[in-house]
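Undergrad: Give me the fold of what follows.
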Amino acid sequence: MSSKALRIHLAPGTVVTVRSSMKAFMGYSLTPDLLSGLRHSGSAALTSMFIASAKSITEMVHPTSRDASSSTKPYFVAYPHQYHFMLDEPEKCQQEKAFLVIVIPVAAWNRRARDAIRKTWGGETVVLGKVVSRFFLLGRVHVDNGSTLPQEELRRESQEHHDLLQADFLDSYYNLTLKTMVMLEWLTARCPGASYAMKTDSDMFVNVHNLVNMLLTAPKHAYMTGRVVRYGAVLREPTSKWFLPEEVFSESHYPPYAMGLGYVFSMDLSQKLIGASRHVEAICIEDVYLGLCLRYLGINLTDPPDYNLFSTWLPFASTRCHWAHVITTILENSEQLLDAWRDFQSMQSC
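TA: Below is the predicted model of the structure:
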């Protein structure tokens, strides 16, 4: 291989080419040491973590299921497509007779985030008399030498906690739509008896009590709520992580959608959204894509009883009472979640 180029094979048909002439790659400055380290690294996990934590990609070819011009390919994802589970909990949802199923997409390498959630809000399994089941959804990361993140470590974690779902798609930021659609397929197949499901990110505080309390009086069909965005402008600045060119989406504003930080839906929507995906081309912005599918279905999003229940920011001077009045709040890291949970648990009245 030329010393001026490094080809990283992320998945079959998906290759990132890093050239020494590039100034940056995936949000990192491309120094000679970094380029050399990526090329010669003997640590598959280290290289995988570098790729999995990427926020932008300089040059990437995404496999797609439909024809697209070379300029628009990176904005579409390979769905519909038959993905398979490498780790699964096929019976747990029905055995527990879950009322609510919470699924947290998380990078395979991020054990710290999973453990923090298990120790905090993810440990709440019966709330207001309703069973809550919680699972982590992972993808797979491939690197140049064909190896992956240590799969045996994930198997041991799965055997210990019985809460990992891992499918054989590339685990990357640009495949969050795939993760979401695979989640919907899994919910349809494994949790037909549940009433509701929630998708939330791994850096969120979740007040499960408030969530279940809201759902006790929520519609049971054709229902989705969260931080609902209406008249959201399509970003045309190429440097934005959420950039979409007009060739991909010609409208100036998106249809209403629930922000991907955390949204809740009635279980019947899983199958409906999968059906709509056969008619709505899958783009890489997952929450917007679900909004497009809902528009195709003619289903309106429901605003939560209080707009601030799904908080997109953490107050500068957050108090213990803040945690009592929300359903979700975005955090900076797992340590902050542990601190917030201690505050929440020690709260006596608000």
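
Undergrad: For the rest of this, base every contact and every neighbour count on C-alpha atoms.
TA: Noted.

Undergrad: in stretch 235-254, what's buried?
TA: Leu235, Leu244, Val248, Tyr254 (16 or more other Cα atoms under 10 Å).

Undergrad: can you tell me which residues contact the first one?
TA: With contact taken as Cα atoms under 8 Å, 6 or more residues apart in numbering, Leu235 is in contact with Trp242, Phe243, Leu244.

Undergrad: again, only this time at 6 Å
TA: Phe243 (Cα atoms under 6 Å, 6 or more residues apart in numbering).

Undergrad: That one - that's part of a helix, no?
TA: No: membership of Leu235 in a helix is not supported by DSSP: H, G, I helix; E, B strand; the rest coil, which gives coil.

Undergrad: what residues does stretch 124-142 touch?
TA: Residues contacting stretch 124-142 (Cα under 6 Å, 6+ apart): 10-11, 98-108, 148, 163-171.

Undergrad: oh sorry, the question was meant for stretch 322-333
TA: Asp203, Met204, Phe205, Val206, Asn207, Asn210, Leu211, Leu309, Phe310, Ser311, Thr312, Trp313.

Undergrad: which regions of the stretch 101-250 of the chain sit below the pLDDT cut-off?
TA: Filtered on pLDDT under 70, the stretch 101-250 of the chain yields the residue ranges 142-149.

Undergrad: so where do the helices sit in it?
TA: Using DSSP state H, counting those that start in this stretch, the helices found in the stretch 101-250 of the chain span residues 111-119, 151-161, 176-190, 208-215.

Undergrad: In the second one, which residues are buried?
TA: Spelled out, it's helix 151-161. Neighbour-count burial for helix 151-161 [16+ other Cα under 10 Å]: Leu154, Ser158.

Undergrad: Next, the angle helix 111-119 makes with it.
TA: With axes from the mean of the first three to the mean of the last three Cα atoms, to 10 degrees applied, the angle from helix 151-161 to helix 111-119 works out at 0 degrees.

Undergrad: Please save the CA atoms from helix 151-161 in CSV.
TA: Output of helix 151-161 as CSV, limited to C-alpha atoms (Å, rounded to 0.1, in the frame of the first residue of the first chain):
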residue,chain,number,x,y,z
GLN,A,151,-16.5,-10.0,20.3
GLU,A,152,-15.8,-12.4,23.2
GLU,A,153,-15.9,-9.4,25.6
LEU,A,154,-19.4,-8.5,24.3
ARG,A,155,-20.5,-12.1,24.6
ARG,A,156,-19.4,-12.2,28.2
GLU,A,157,-21.2,-8.9,28.9
SER,A,158,-24.3,-10.3,27.3
GLN,A,159,-24.2,-13.5,29.4
GLU,A,160,-23.8,-11.4,32.5
HIS,A,161,-26.5,-8.8,31.9
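
Undergrad: JSON lines please, covering the contacts of stretch 322-333 and showing distance to Phe76 and neighbour count.
TA: Listed next are the contacts of stretch 322-333 as JSON lines, based on distance: Cα to Cα, whole Å; neighbours: other Cα atoms under 10 Å:
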{"residue": "Asp203", "distance to Phe76": "26", "neighbour count": "21"}
{"residue": "Met204", "distance to Phe76": "27", "neighbour count": "25"}
{"residue": "Phe205", "distance to Phe76": "30", "neighbour count": "27"}
{"residue": "Val206", "distance to Phe76": "31", "neighbour count": "24"}
{"residue": "Asn207", "distance to Phe76": "34", "neighbour count": "21"}
{"residue": "Asn210", "distance to Phe76": "36", "neighbour count": "18"}
{"residue": "Leu211", "distance to Phe76": "33", "neighbour count": "19"}
{"residue": "Leu309", "distance to Phe76": "32", "neighbour count": "21"}
{"residue": "Phe310", "distance to Phe76": "28", "neighbour count": "24"}
{"residue": "Ser311", "distance to Phe76": "29", "neighbour count": "20"}
{"residue": "Thr312", "distance to Phe76": "26", "neighbour count": "16"}
{"residue": "Trp313", "distance to Phe76": "29", "neighbour count": "11"}
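
Undergrad: Could you report the distance from Tyr196 to Pro305?
TA: 17 Å (Cα to Cα, to the nearest Å).

Undergrad: thinking again about what came up before, make CSV out of the contacts of stretch 322-333 and add distance to Tyr75.
TA: Converted to CSV, the contacts of stretch 322-333 look like this (distance: Cα to Cα, whole Å):
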residue, distance to Tyr75
Asp203, 25
Met204, 26
Phe205, 30
Val206, 30
Asn207, 34
Asn210, 36
Leu211, 33
Leu309, 31
Phe310, 28
Ser311, 28
Thr312, 25
Trp313, 28
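
Undergrad: with these in mind, which one is nearest to Glu157?
TA: Asp203 (19.8 Å; Cα to Cα).
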